[in-house]
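Visitor: Below: sequence and its predicted model.
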Amino acid sequence: MKNNNYNWNYLISISLVTAMGGLLFGYDYVVIGGAKPFYEPFFGITDHAFLQGWAMSCALIGCLAGSVISGWLSDRFGRKKLLILSAGLFVAASLGTGGAGSFIVFVLFRILGGVGIGLASNLSPMYIAEITPGNVRGRFVSLNQLTIVIGILAAQLVNWRIAQPVPAGATTSDILNSWNGQMGWRWMFYACTVPSCIFFILMWLVPESPRWMAKNQTNHSKVLKVLSKIGGSSFAVSELNSIEATLHSETDKSDLALLKQPGISKILILGIV
């Protein structure tokens with residue numbers, strides 16, 4: 001029988017905090033476009049198409065690295081610790097990118113921020129899925145998608161409010177010597193420090209994933225405490241039994257073997273596309 005007597009305020013609060021990883025992902029995805037016309041003259045890459053493209057896309061290197069290591073590291077150290085790490089990377093990347101005095105430093109901090117994106121984009125929805133009851137899980141996981149869109153909108157608004165109007169016919173030299181070319185683009189990146197710091201601080205207040213604790217800790221008192229706060233003592237016992245049953249059904253065999261099952265590979269390809 002489904003239980004809907006959940007502590008909704010608690011569930012919504014911890015899910016929104018975790019979903020801030022999506023907000024920062026959305027912000028970082030868009031902010032670079034607004035800063036582009038101004039940091040390019042500053043770094044002297046307006047006539048170098050390759051460097052322009054590298055500046056825009058280098059964060060993807062970090063995204064790839066963060067995505068690859070997120071599963072293994074979070075299984076070993078916990079979802080919460082890795083989300084705190086991703087928030088710290090966002091803070092460092094925002095300050096470092098905004099304060100960059102050379103193109104190399106700019107790129108390095110963009111890549112560092114990309115690692116944070118790779119971690120958060122995987123772990124935020126994973127954590128939400130593991131902390132929420134099954135019959136409301138879809139609604140809560142969708143919060144992460146919502147915050148990504150909010151982050152995209154926030155970046156557009158921040159870029160719009162920070163950038164000063166560029167006169168028609170302004171040359172590269174004019175842009176370089178303008179406030180936009182010297183400081184405006186920096187503040188577009190600096191602005192991300194605020195939500196990044198909030199994310200970093202609040203993540204210390206959320207509990208570890210009950211599923212991770214059940215898998216990695218022999219004493220399940222903390223698991224029951226978290227689950228009881230979500231849905232009461234009877235829900236906690238039932239949910240813990242369900243988690244343990246799922247964990248016991250897992251094998252040491254590679255998950256790649258699942259791809260050999262009829263239709264699975266087609267569904268996977270469709271989902272990726």
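Guide: Looks like it arrived, so ask away. Residues are numbered from 1 along each chain as shown.

Visitor: list the contacts for Ala191?
Guide: 31, 94, 158, 162 (C-beta atoms under 8 Å, 6 or more residues apart in numbering). C-beta coordinates here come from the backbone N, C-alpha and C atoms, glycine included.

Visitor: secondary structure class for the second one?
Guide: Using DSSP: H, G, I helix; E, B strand; the rest coil, the three-state assignment for Ser94 comes out as helix.

Visitor: And for it, the neighbour number?
Guide: 27 (other C-beta atoms under 10 Å).

Visitor: who wins for neighbours among the contacts of Ala191?
Guide: The most crowded member of the contacts of Ala191, judged by other C-beta under 10 Å, is Ser94 (27 neighbours).

Visitor: Now do it against Leu247, distance only.
Guide: For Ser94, the distance to Leu247 equals 38 Å [C-beta to C-beta, to the nearest Å].

Visitor: longest helix in this protein, by residue count?
Guide: If you go by DSSP state H, the chain has its longest helix at helix 8-43.

Visitor: List the buried residues of it.
Guide: 10-11, 14-32, 34-35, 37-43 (16 or more other C-beta atoms under 10 Å).

Visitor: what do you get for stretch 211-231?
Guide: 211-214, 220, 223-224, 226-228, 230-231.

Visitor: Low-confidence regions, the protein specifically.
Guide: Within the chain, the stretches with pLDDT under 70 are 1-4, 250-259.

Visitor: give me that answer again for 50
Guide: 1 (pLDDT under 50).

Visitor: quick one: the helices in the stretch 151-273 of the chain?
Guide: 172-177, 179, 185-190, 193-203, 210-216, 221-231, 233-249, 264-272 (DSSP state H, counting those that start in this stretch).

Visitor: Of the ones you listed, which is nearest Ala129?
Guide: helix 210-216 (8.9 Å; C-beta to C-beta).
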